[in-house]
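In: Predicted structure and sequence below. I'll ask about it afterward.
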Amino acid sequence: MRLTVFWNNMHEQFGAAYADSLARDYVIEGLGSRTVHQALADGVAAKQVWRAVCEAFDLPLSVR
């Protein structure tokens with residue numbers, strides 16, 4: 001998954017403002033207790049980050 005697709009998914013699911021805030025501030029246990037920004041900066045694949053976000057926020061299977 002490309003980063004542009006990842007961010008498009010985030011914005012579609014959470015809205016642009018909340019997606020950016022969530023990515024910066026919300027610590028996700030499935031990412032090793034890191035935020036989205038931290039995980040991406042540490043080299044975690046965007047697809048893996050997206051899956052962790054989907055699981056953490058119980059998003060429907062249709063968007064996973």
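Out: Nice, I can see it. Numbering: from 1, shown residues only.
In: Pull out the buried residues from stretch 46-58.
Out: Ala46, Val49, Trp50, Arg51, Ala52, Val53, Cys54, Ala56 (16 or more other Cβ atoms under 10 Å). C-beta: built from backbone N, CA, C; applies to glycine.
In: Let me know the average pLDDT across it.
Out: Averaging pLDDT along stretch 46-58 gives 97.
In: Any regions of the protein where pLDDT drops low?
Out: Across the chain, nothing is flagged by pLDDT under 70.
In: which residues of it fall in strands?
Out: With DSSP state E as the definition, the chain shows no strands.
In: As a check, name the ranges of all helices in it.
Out: Here the chain has its helices, by DSSP state H, at 3-14, 16-25, 36-41, 46-56.
In: Tabulate these (TSV), appending distance to Ser62.
Out: Listed next are the helices of the chain as TSV, based on distance: least, Cβ to Cβ, whole Å:
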stretch	distance to Ser62
helix 3-14	11
helix 16-25	18
helix 36-41	21
helix 46-56	10
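In: that older thread, return the closest of the buried residues of stretch 46-58 with respect to Glu29.
Out: Distance to Glu29, by Cβ to Cβ, is smallest for Ala56 among the buried residues of stretch 46-58, at 7.4 Å.
In: Apart from its chain neighbours, what residue comes closest to Asn9?
Out: Trp50 (6.1 Å; Cβ to Cβ, 6 or more residues apart in numbering).
In: Just to check, the one you found is in contact with Phe6?
Out: Yes - the criterion here is Cβ atoms under 8 Å, and Trp50 meets it with Phe6 at 5.5 Å.
In: and Asp20, how many residues sit next to it?
Out: 16 (other Cβ atoms under 10 Å).
In: One more: Glu12?
Out: Close neighbours of Glu12, defined as other Cβ under 10 Å, add up to 11.
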